[in-house]
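**Student:** let me see the structure of the following:
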Amino acid sequence: MALHTSSQQSAMADINVTPLVDVMLVLLIVFIVTAPLLMQAVKVDLPKTAAVAPLKQTQTIQLAINAQGTVYIDQRPIHFDILETELKNLRAATPDINVQLHADENVKYGRVAQVMAAINRAGISKLGFVTLPQ
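**Tutor:** Purely as a prediction, here's the structure:
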């Protein structure tokens, strides 16, 4: 019968994971630093081709709201009560119509929401907001 004493060397059953964690953290930091750089667009020189047929031109309405809440269609003042009817008439003439909304920054949000609702009720789905770059 053989006795095993603590003085004999035996194989270690535990794996030291500290170096593995260190390597993983370094890789994570490298990934975090390089990921935003990969998201930037690549600048390329586009090739030149023969001209193609132009896209179908759609009518664009310039709808403006000044600071007092007055609504203008193509620089023509219009009473808010007939705005929806006027927009429906314009849509009937041109079904694929675009609206560009120029709202003064001092106009109340409620007025802008009312105009947007009138545009929606008139059946116009293409609405763009015009702003100035900073």
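**Student:** run through the neighbouring helices and strands of the helix or strand hosting I119.
**Tutor:** Of the helices and strands defined by DSSP states H and E, I119 is found in helix 109-121. Applying 3 or more C-beta pairs under 8 Å, 6 or more residues apart in numbering; DSSP states H and E, one finds that helix 109-121 makes contact with strand 60-65, helix 83-93, strand 98-103. Just so you know, the C-beta spots here come from the backbone N, C-alpha and C atoms, and that holds for glycine as well.
**Student:** can you rerun that using 6 Å?
**Tutor:** Taking 3 or more C-beta pairs under 6 Å, 6 or more residues apart in numbering; DSSP states H and E as the contact definition, the neighbouring helices and strands of helix 109-121 are helix 83-93.
**Student:** give me the residues contacting the helix it packs on.
**Tutor:** Applying C-beta atoms under 6 Å, 6 or more residues apart in numbering, the contact partners of helix 83-93 are V71, I78, I97, A118, R121, A122, G123, I124.
**Student:** from those residues, pick the one nearest V23.
**Tutor:** Minimum separation from V23 among the contacts of helix 83-93 (C-beta to C-beta) is found for I124, which lies at 58.2 Å.
**Student:** distance of the closest one from I73?
**Tutor:** Separation of I124 from I73 (C-beta to C-beta, to the nearest Å) stands at 12 Å.
**Student:** looking at those two, which is more packed in?
**Tutor:** I124 (20 against 16; other C-beta atoms under 10 Å).
**Student:** quick one: secondary structure of the more buried one?
**Tutor:** Under DSSP: H, G, I helix; E, B strand; the rest coil, the three-state class of I124 is coil.
**Student:** who's in contact with it?
**Tutor:** Contact criterion C-beta under 6 Å, 6+ apart gives R91, I97, V99 as the residues in contact with I124.
**Student:** thanks a lot, catch you later.
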